[in-house]
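> give the three-dimensional model of this entry:
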Amino acid sequence: MTAYTRAEMEEMVERWLQANRDAEAAGNWESMALMYREDATYGWNYGAKENFMAVGRDEIRDIALGLEMGGLDGWQYPYEHILIDEKKAMVVGFWRQVADAKRPDGGTYEVAGIGGSWFLYGGDFQWAWQRDWFDFGNAASLFMEMMTDGTLSEGMTARMERSLRPGQLPGHYKLADTPVGLWEMPS
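Residues are numbered from 1 along each chain as shown. Coordinates of the predicted model:
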């Protein structure tokens, strides 16, 4: 594993945060794919039976940042805290998931719990590897609450309906069939 300077790692984080803000404003995260190496992997776990994994920049753009983020336009993912380890070329960021819809009392809909991303920096201001975690149960509960309240966007409703159809969604794998392990890092 290559060590990078603290200044380069901090600049990468600032570029990443700006790319996130730009994507949130546009309601489209696909442009963020340029922040990944061609051979990067990006995945997360969906519970005891399923992982999500995008292998390569094209899958990251089309599936992780496209299909998986589809319907979340207007949502924000503010990073609350970020830890940088320039010797290991790693970054860990803790974020929230906040909907743009308002509750009947004027409050915000927000996924309870802690979300986060763990990155391996690959040089040239690109990530080589990313793994996310979030509270799937709380996210599903919030989406159901918003659906009941009539505040879930049409795009997110369509996304949820798509996930209920028989057959495998792109990037979703049974644990044993995941093409790259959640803990598997590039050398």
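> may I have the strands that pair with the longest strand seen in the chain, each with its orientation?
Ranked by residue count and defined by DSSP state E, the top strand of the chain is strand 36-45. Applying DSSP bridges, strand 36-45 is found paired with strand 50-55 (antiparallel), strand 127-133 (parallel).
> which residue ranges of this structure form helices?
For the chain, applying DSSP state H gives helices covering 6-26, 57-59, 136-149, 154-164.
> hey, which of these is tucked in deepest?
Across the helices of the chain, averaging neighbours per residue (mean count of other Cβ atoms under 10 Å) puts helix 57-59 on top, at a mean of 17. No exception for glycine: its C-beta is placed from N, CA and C like everyone else's.
> the longest strand of the chain versus helix 136-149: what angle between them?
Counting by axes from the mean of the first three to the mean of the last three Cα atoms, to 10 degrees, strand 36-45 points 80 degrees away from the direction of helix 136-149.
> residues in contact with strand 36-45?
Strand 36-45 is contacted from outside by 51-57, 60, 64, 122, 124, 126-134, 178, 180, 182, 184, 186, using Cβ atoms under 8 Å, 6 or more residues apart in numbering.
> can we see that at 6 Å?
Residues from elsewhere that reach strand 36-45 (Cβ atoms under 6 Å, 6 or more residues apart in numbering): 51-55, 57, 60, 64, 122, 126-132, 180, 182.
> and what of stretch 23-34?
Ala19, Arg57, Ile60, Arg61, Leu65, Gly66, Met69, Asp73, Gln76.
> min pLDDT across the residues you listed, which one?
When the contacts of stretch 23-34 are sorted by pLDDT, the bottom entry is Asp73 at 87.
> residue ranges in this structure under the pLDDT threshold?
Residue ranges of the chain with pLDDT under 70: 1, 165-167.
> what residues are bridge-paired with the residue nearest the centre of it?
What sits nearest the mean C-alpha location of the chain, by Cα atoms, centre = their mean, is Asp132, with 6.0 Å. When bridges are called by DSSP bridges, Asp132 pairs up with Trp44, Ser117.
> wait, isn't it in contact with Ser117?
Yes: the criterion here is Cβ atoms under 6 Å, and Asp132 meets it with Ser117 at 5.0 Å.
> how close does the residue with the largest distance to the centre of the chain get to Glu38?
Using Cα atoms, centre = their mean, the residue of the chain lying farthest from its centre is Asp105. It sits 28.8 Å away. Per Cβ to Cβ, to the nearest Å, Asp105 is found 47 Å from Glu38.
> for the longest strand of the chain, which positions count as buried?
Tyr36, Arg37, Ala40, Thr41, Tyr42, Gly43, Trp44, Asn45 (16 or more other Cβ atoms under 10 Å).
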